[in-house]
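Enquirer: Give me a model of this one.
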Amino acid sequence: EPAASRCRMGDSDRKVRLRGLPFRATEDDIRAFLKSEAHSPAPEISISSVVLEMGSDGRPSGEAVVELATLEDAEKALTFHQSNMGHRYVEVQKLSAYPGPP
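Expert: Okay, the predicted model is just below:
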């Protein structure tokens, strides 16, 4: 199935891509980031899964895909766009904004 058609499906609407993560970031770090006090008050966000992406060399790429429980949770996660995780500036955008693999 082509990536473009997968992006139109409902599941991708609940997924966001994080870019610019510290290379040592763990799944727990990402979960904590999306529930942090960076926003006051901290939003209640239900996270279904976190997938840390690896480069071709098998090392962390600094990117992750996070699946949220609901569309509302995904919208809350997007409010963390351009926030800092440690000393890193993190982009949070809808997964559907990125082209899939060929």
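Enquirer: how much space between Leu68 and Arg59?
Expert: Leu68 sits 26 Å away from Arg59, going by Cβ to Cβ, to the nearest Å. Where C-beta positions appear, they are placed from N, C-alpha and C, glycine not excepted.
Enquirer: Please say which of the two ends up with more neighbours.
Expert: Leu68 (22 against 9; other Cβ atoms under 10 Å).
Enquirer: what ranges do the helices span in this structure?
Expert: Secondary structure of the chain (DSSP state H): helices at 3-8, 10-13, 27-33, 71-78.
Enquirer: would you turn these into TSV with mean pLDDT, distance to Ile45 and mean neighbour count?
Expert: Converted to TSV, the helices of the chain look like this (pLDDT from 0 to 100; distance: least, Cβ to Cβ, whole Å; neighbours: other Cβ atoms under 10 Å):
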stretch	mean pLDDT	distance to Ile45	mean neighbour count
helix 3-8	39	22	12
helix 10-13	76	15	14
helix 27-33	94	9	15
helix 71-78	94	5	17
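Enquirer: Dump those helices to CSV, plus distance to Gly55.
Expert: Shown next, in CSV, are these (distance: least, Cβ to Cβ, whole Å):
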stretch, distance to Gly55
helix 3-8, 19
helix 10-13, 23
helix 27-33, 17
helix 71-78, 24
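Enquirer: which stretch among those helices comes nearest Arg19?
Expert: Arg19 lies closest to helix 27-33 among the helices of the chain, at 12.0 Å (Cβ to Cβ).
Enquirer: Point out the other helices and strands that the closest one packs with.
Expert: Taking 3 or more Cβ pairs under 8 Å, 6 or more residues apart in numbering; DSSP states H and E as contact, the helices and strands that helix 27-33 lies on are strand 47-54, strand 83-85.
Enquirer: how far does it sit from the chain's center?
Expert: On the basis of Cα atoms, centre = their mean, to the nearest Å, helix 27-33 sits 10 Å off its chain's mean C-alpha point.
Enquirer: hmm, who's touching it?
Expert: Leu18, Leu21, Pro22, Ile47, Val50, Leu52, Ala64, Val66, Phe80, Ser83, Met85, Val90 (Cβ atoms under 8 Å, 6 or more residues apart in numbering).
Enquirer: quick one: the last one and Val66 touch, right?
Expert: This means Val90. No. At 11.3 Å, Val90 does not count as touching Val66 under the criterion of Cβ atoms under 8 Å.
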